[in-house]
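Asker: Give me the fold of what follows.
(2 chains)
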2 protein chains.
Amino acid sequence: MVQPLPGTELAEFDTPVLVVDIDAVQRNIERMAGIARAAGVALRPHAKTHKSPNFARRQIAAGAVGICCQKVGEAEVMVAGGVTDILVTNEIVGRIKLARLAGLARLVQIRTVADNAEAVAWLGKAARSAGVTIGVLVDCDLGHARTGLADPRAAAELGKIVAHTDGLHFDGLQAYHGSIQHTEGWEARRAASDAANARLQGFRTAFAEAKLACRIVSGAGTGTYPFQTAAAGYTEWQCGSYIFMDREYRDAKGEDGGPLRTFEHALTMLASVVSVAGENHCVVDAGYKALSVDGGEPELQGLPGWTFGFAGDEHGRLRCTGAEAAPRPRLGDKVQIIPGHGDTTINLHDDYYVVSGGRLVGVWPVAARGRVR
Amino acid sequence: MVQPLPGTELAEFDTPVLVVDIDAVQRNIERMAGIARAAGVALRPHAKTHKSPNFARRQIAAGAVGICCQKVGEAEVMVAGGVTDILVTNEIVGRIKLARLAGLARLVQIRTVADNAEAVAWLGKAARSAGVTIGVLVDCDLGHARTGLADPRAAAELGKIVAHTDGLHFDGLQAYHGSIQHTEGWEARRAASDAANARLQGFRTAFAEAKLACRIVSGAGTGTYPFQTAAAGYTEWQCGSYIFMDREYRDAKGEDGGPLRTFEHALTMLASVVSVAGENHCVVDAGYKALSVDGGEPELQGLPGWTFGFAGDEHGRLRCTGAEAAPRPRLGDKVQIIPGHGDTTINLHDDYYVVSGGRLVGVWPVAARGRVR
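Answerer: All right, here's what the predicted structure looks like:
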């Protein structure tokens, strides 16, 4: 593939391409590190957002205790890229994956989560075969009804099983509630978090009664960290999206009722206008294969009065909807688009074009892209 | 990455993984080739579906005249993989892409489409710089209102400009209507195609009046080829999805009012049950990062009474909804899932696990995955 030289201006990039403003990224990293430090909570950013050791190392340099991954394949990439402390926040099942996970534990500190006794037995066997110890957090369902045990006593029973399994070390609780991250409105999100925190309290009581010390209680995301505090029992946060911010998190709203502006948009999709044949629209070269759809519509940056709509795998349609709109883009013009959902948009691309002051400073691979296994 | 050896049974694959039944693929390829032959229309399958020269070469061996691509990056992969006749069915704009396209035309037969005089001038300049001739089809808007000219006389004017541009060769019309491919119901799809065909007739008349011979009139897809015939003016079909078939095309309905069964489902997503902690559901390791969402919900194969629902980037939730349902899958069980939309699902993955009789025969890269530029 043709790659531009460092120093190339953004307007000269071939498109569509993910553009990262590294200065905004660094400000986001430092801001979140400062918030966690002030809150007395460890930060373990989720690498499922950026999928790149380059960003993970910057987060760790700013004070993060390690990172989270969702998949063993992501963890393999992060270990190869120099990360030495990883929590895999997903149930790991299957002979091949367990052997790979245990292999990583020979190299670095590995923890994972569990919600089933049979899975714990399989995990212990893999750890013993590899001659390693794997840390385990019992996965608690705080209301998402996806993975995790909903009954605190059943969870504590599983904690005892972990504690008695050779090759495993009981480390605490996985307490992440995914579906409240985007609850719209600061107070609505606080209320949803309070309900989750109340459930967490039940788990903490059950584990205390079972005499199982929860050294780690890990959870929260970019939407709920203000409410899932040390006082609520959390020892570490798993926030990931804050590094780039996407439209979906911004529109979950801040404390003042406006957009959530704690973090800056540091990632955009650069696209080109490829057709102006339509009377009332123009077409850019970014559709379902350049921007994910699961987080809702992306948003045009710096083009007031215009909206983006998906128009197929490779096409987006720009329409003028505002009264005081910017002039219609011309053929070949570049536009910048804020993804609806960052994580899944990034997963569509092989590389980041990293810019500073609007000029290229490097092309970084999305190294763990597609590592779904 | 760990790869299984040939002969490995499907149930032993690490997951999630794209599984292709190569025998069903070959039957689909031969069936469509036979249909096109009988209809007197050339077949130029769209490689945006499979993104792999391995499948393109099989289509050409069965009689296809060449292939379509959406992106220059896809065409680069196909040329490297031995394909010698390519139509890029998308407006190509931008200095870098035009140079790359012209470079390919030094190696093989390249055609593309245009809907703008300025774009034609840029394309001609790139062709002359490379010392090549690029074939051009004028892009006609048959009602989709995306790219393409809607006015037949304006299109014929553009055809004249192409014909008078050194480095370009006017070859005919791009006449693809994307948004009617999934119109539900055979007769509804016929009516939509008839309306598009009537518009095409207007374009053919205008070009005849302008004394521009349309050697190629290229269009139709897996949904509309039965209605966009030689009699309607088509010389070649661009169908792509027929090779694997997805749920969306099947549910567009066949002539008998039932599912469209002309082609077999040859592609599934194999996933594993990773959590059975929920009372009324279980969870598999395939979510937004393994299955695209733009074509609607995927469907479970061979698990009557159960439905798949997205539950995040890495999770799918299986729920029992039927009265006479299969037993609940157990932890570690494998399930096969038919994608809602094949093209965008395939774009999420690095490789196909190719099987015959349920055993691995090869791991094939999705070579043009992510080639959005």
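Asker: all contacts plus neighbour counts: C-alpha atoms, from now on.
Answerer: Fine.
Asker: All the strands of the stretch 1-150 of chain A, in order from the start?
Answerer: For the stretch 1-150 of chain A, the strands defined by DSSP state E, counting those that start in this stretch cover A:17-21, A:42-43, A:67-69, A:85-91, A:109-114, A:134-139.
Asker: For the first one, enumerate the helices and strands it packs against.
Answerer: Helices and strands in packing contact with strand A:17-21 are listed as strand A:267-275, strand A:351-356; criterion 3 or more CA pairs under 8 Å, 6 or more residues apart in numbering or on different chains; DSSP states H and E.
Asker: Mind listing residues that contact it?
Answerer: A:266-271, A:290, A:346, A:349, A:351-358, B:373 (CA atoms under 8 Å, 6 or more residues apart in numbering or on different chains).
Asker: Repeat the analysis, applying 7 Å as the threshold.
Answerer: A:266-271, A:352-356 (CA atoms under 7 Å, 6 or more residues apart in numbering or on different chains).
Asker: Direction included, what does that strand pair up with?
Answerer: strand A:267-275 (antiparallel), strand A:351-356 (parallel) (DSSP bridges).
Asker: mind putting these in JSON lines, mean neighbour count, mean pLDDT and distance to residue A:231 included?
Answerer: What follows is the strands paired with strand A:17-21, written out as JSON lines (neighbours: other CA atoms under 10 Å in any protein chain shown; pLDDT from 0 to 100; distance: least, CA to CA, whole Å):
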{"stretch": "strand A:267-275", "mean neighbour count": "26", "mean pLDDT": "98", "distance to residue A:231": "33"}
{"stretch": "strand A:351-356", "mean neighbour count": "21", "mean pLDDT": "98", "distance to residue A:231": "38"}
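Asker: and of the ones you listed, who's closest to residue A:121?
Answerer: strand A:351-356 (39.0 Å; CA to CA).
Asker: need the next SSE after the closest one, C-terminal direction.
Answerer: Scanning forward in sequence from strand A:351-356 by DSSP states H and E, the next helix or strand is strand A:359-365.
Asker: other SSEs contacting that following strand?
Answerer: Secondary-structure packing of strand A:359-365 (3 or more CA pairs under 7 Å, 6 or more residues apart in numbering or on different chains; DSSP states H and E): strand A:351-356.
Asker: Pull the distance from the strand it packs on to the chain's centre.
Answerer: Strand A:351-356 sits 19 Å away from the centroid of its parent chain (CA atoms, centre = their mean, to the nearest Å).
Asker: Report the inter-axis angle for that strand versus strand A:359-365.
Answerer: Strand A:351-356 runs at 150 degrees relative to strand A:359-365, counting by axes from the mean of the first three to the mean of the last three CA atoms, to 10 degrees.
Asker: Check the burial of the nearest residue to residue A:89 once chain neighbours are set aside by counting its neighbours.
Answerer: The spatial neighbour of residue A:89 that comes closest, neighbours along the chain excluded (CA to CA, 6 or more residues apart in numbering or on different chains), is residue A:70 at 5.4 Å. Residue A:70 sits with 22 neighbouring residues when counted by other CA atoms under 10 Å in any protein chain shown.
Asker: ditto for residue A:291
Answerer: Residue A:291: 31 neighbours (other CA under 10 Å).
Asker: ok, now which ones touch the closest residue to it other than its chain neighbours?
Answerer: Leaving aside its sequence neighbours, residue A:291 sits nearest to residue A:345 (CA to CA, 6+ apart; 4.9 Å). Contact analysis of residue A:345 by CA under 7 Å, 6+ apart lists A:290-292, A:339.
Asker: and what of residue A:155?
Answerer: By CA under 7 Å, 6+ apart, the neighbours of residue A:155 are A:138, A:149.
Asker: Kindly indicate which of the contacts of strand A:17-21 lies nearest chain B.
Answerer: Nearest to chain B among the contacts of strand A:17-21 is residue A:271, at 9.9 Å by CA to the nearest CA.
Asker: you'd agree that closest one is up against residue A:334?
Answerer: Yes. With contacts counted by CA atoms under 7 Å, residue A:271 reaches residue A:334, the gap being 5.6 Å.
Asker: what's the spacing between residue A:236 and residue A:145?
Answerer: 22 Å (CA to CA, to the nearest Å).
Asker: Specify which residue of those two has the higher count of neighbours.
Answerer: Taking neighbours as other CA under 10 Å, residue A:236 and residue A:145 compare with residue A:236 leading, 26 against 21.
Asker: Look up the pLDDT of that one for me, please.
Answerer: We have a pLDDT of 98 for residue A:236.
Asker: now residue A:157
Answerer: Note on residue A:157: pLDDT of 98.
Asker: now do residue A:1
Answerer: pLDDT, read off for residue A:1, is 67.
Asker: And residue A:102, by the same measure?
Answerer: The model reports residue A:102 with a pLDDT of 98.
Asker: which residues touch it?
Answerer: Contacts of residue A:102 by CA under 7 Å, 6+ apart are A:126-127, A:130, A:132.
Asker: if you set the cut-off to 8 Å instead, what comes out?
Answerer: So residue A:102 contacts A:126-127, A:130, A:132, A:134 (CA under 8 Å, 6+ apart).
Asker: Out of the contacts of strand A:17-21, which two sit at the greatest distance?
Answerer: A:271 and A:356 (18.6 Å).
Asker: sec struct for residue A:319, please.
Answerer: With DSSP: H, G, I helix; E, B strand; the rest coil as the basis, residue A:319 sits in strand.
Asker: Need the phi and psi values for the spatially closest residue to it that is not a sequence neighbour.
Answerer: Counting by CA to CA, 6+ apart, residue A:319 lies nearest to residue A:281, which is 4.9 Å off, once chain neighbours are set aside. The phi/psi pair for residue A:281 (degrees, to the nearest 10) reads phi -150, psi 170.
Asker: what about residue A:281, how many residues close to it?
Answerer: Using other CA under 10 Å, residue A:281 is surrounded by 19 other residues.
Asker: Low-confidence ranges, the stretch 201-350 of chain A, go.
Answerer: Scanning the stretch 201-350 of chain A for pLDDT under 70 picks out no residues.
Asker: residue ranges for the helices of it, please.
Answerer: Counting by DSSP state H, counting those that start in this stretch, the stretch 201-350 of chain A has helices at residues A:247-250, A:342-346.
Asker: Give the buried residues for the last one.
Answerer: Which is helix A:342-346. For helix A:342-346, burial by neighbour count (16 or more other CA atoms under 10 Å in any protein chain shown) applies to A:342-346.
Asker: Tell me the one of those nearest residue B:201?
Answerer: Nearest to residue B:201 among the buried residues of helix A:342-346, with distances taken as CA to CA, is residue A:345, at 40.2 Å.
Asker: Quick check on the spatially most distant residue from the centre of chain A: phi, psi?
Answerer: Residue farthest from the centre of chain A, counting by CA atoms, centre = their mean, is residue A:279 at 39.5 Å. Dihedral angles of residue A:279 (phi, psi; degrees, to the nearest 10) stand at phi -70, psi -40.
Asker: From residue B:343, how far out is it?
Answerer: In this view, residue A:279 and residue B:343 are 29 Å apart by CA to CA.
Asker: isn't residue A:110 right up against residue A:104?
Answerer: Yes. At 7.1 Å, residue A:110 and residue A:104 qualify as touching, with contact defined as CA atoms under 8 Å.
Asker: Which residue ranges of the stretch 201-350 of chain A form strands?
Answerer: Here the stretch 201-350 of chain A has its strands, by DSSP E, counting those that start in this stretch, at A:216-219, A:236-237, A:267-275, A:281-284, A:299-301, A:306-310, A:316-320, A:334-338.
Asker: Could you export the strands of the stretch 1-150 of chain A to TSV, including columns for mean pLDDT?
Answerer: Formatted as TSV, the strands of the stretch 1-150 of chain A follow (pLDDT from 0 to 100):
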stretch	mean pLDDT
strand A:17-21	98
strand A:42-43	98
strand A:67-69	98
strand A:85-91	98
strand A:109-114	98
strand A:134-139	98
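Asker: what does the domain assignment say about chain A?
Answerer: A:22-250, A:261-365 (automatic domain parsing).
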